[in-house]
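**Student:** The following block contains a protein sequence and its predicted model.
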Amino acid sequence: NAGVMQNPRHLVRRRGQEARLRCSPMKGHSHVYWYRQLPEEGLKFMVYLQKENIIDESGMPKERFSAEFPKEGPSILRIQQVVRGDSAAYFCASSGQNTGELFFGEGSRLTVL
Amino acid sequence: TQLLEQSPQFLSIQEGENLTVYCNSSSVFSSLQWYRQEPGEGPVLLVTVVTGGEVKKLKRLTFQFGDARKDSSLHITAAQPGDTGLYLCFGAGGSNYKLTFGKGTLLTVNP
């Protein structure tokens, strides 16, 4: 399967723990985007990365959230000291160029107890 | 500020009916994409429209891009339960990645 791969699909954390979500883009894609989605809502942009560079993180909370896309390996969205309000589905998408055609993974559903 | 307005937000119809959903903005886009998302899954790209006035057909789905490239519509003919899902539009052009998806139209087709 050459699609966008996200893991874990489901993650349960207690308040104060850390959550790490991984995303491997589609083969040949160098642009990665992270979106957050609450139930029955649309997708909210968080961060846009290219290899080793954060292009735009304006949609990401300035505290506790960070993202990276290293030269080797998947992109990682990291949430430190999680709170219940962080519970959501986090989707990763990739594109070959900044064309707007995004290919999404199946999401990682974070539940904070 | 929500840059993409989708309507209606919710739509529940019977199998066999026709429907149209809309995506409107004050911004001009170089292209616009429609996605469908089913529960528990990620959005799946349905179509990209690029040229103002363009019409694309995908089986029973017809997509139209407005002449001014600011809006789009999706028409479904003879809807089926398998069409149920959240339909999202997304405009591209410039800092397109920032143009948060519209809230979508949640379509339910009842058998």
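**Tutor:** Right, received. Where do you want to start?

**Student:** need the contact list for A:Ala67.
**Tutor:** Contact analysis of A:Ala67 by CB atoms under 8 Å, 6 or more residues apart in numbering or on different chains lists A:34, A:46-47, A:49, A:54, A:57, A:60, A:75-78. (Each C-beta comes from the backbone N, C-alpha and C, glycine too.)

**Student:** Let me fix that, I meant to ask about B:Pro8.
**Tutor:** B:21, B:105.

**Student:** Quickly note the distance from it to chain A.
**Tutor:** Distance, B:Pro8 to chain A, using CB to the nearest CB, to the nearest Å: 14 Å.

**Student:** Count the residues that sit near the closest residue to chain A within chain B.
**Tutor:** Residue nearest to chain A within chain B: B:Ala92 (2.3 Å; CB to the nearest CB). Using other CB atoms under 10 Å in any protein chain shown, B:Ala92 has 21 neighbouring residues.

**Student:** which residues of the chain score low on pLDDT?
**Tutor:** Went with chain A since none was named. Along chain A, the model assigns pLDDT under 70 to residues A:1-2, A:98-100.

**Student:** oops, I was thinking of chain B
**Tutor:** B:1-2, B:94-99.

**Student:** returning to that earlier point: among the contacts of A:Ala67, which ones are buried?
**Tutor:** A:34, A:46-47, A:49, A:57, A:60, A:75-77 (16 or more other CB atoms under 10 Å in any protein chain shown).

**Student:** Rebuild the residues you listed as TSV, extending it with secondary structure and distance to chain B.
**Tutor:** Converted to TSV, the buried ones among the contacts of A:Ala67 look like this (DSSP: H, G, I helix; E, B strand; the rest coil; distance: CB to the nearest CB, whole Å):
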residue	secondary structure	distance to chain B
A:Trp34	strand	10
A:Met46	strand	10
A:Val47	strand	9
A:Leu49	strand	10
A:Glu57	coil	11
A:Met60	coil	12
A:Ser75	strand	14
A:Ile76	strand	18
A:Leu77	strand	15
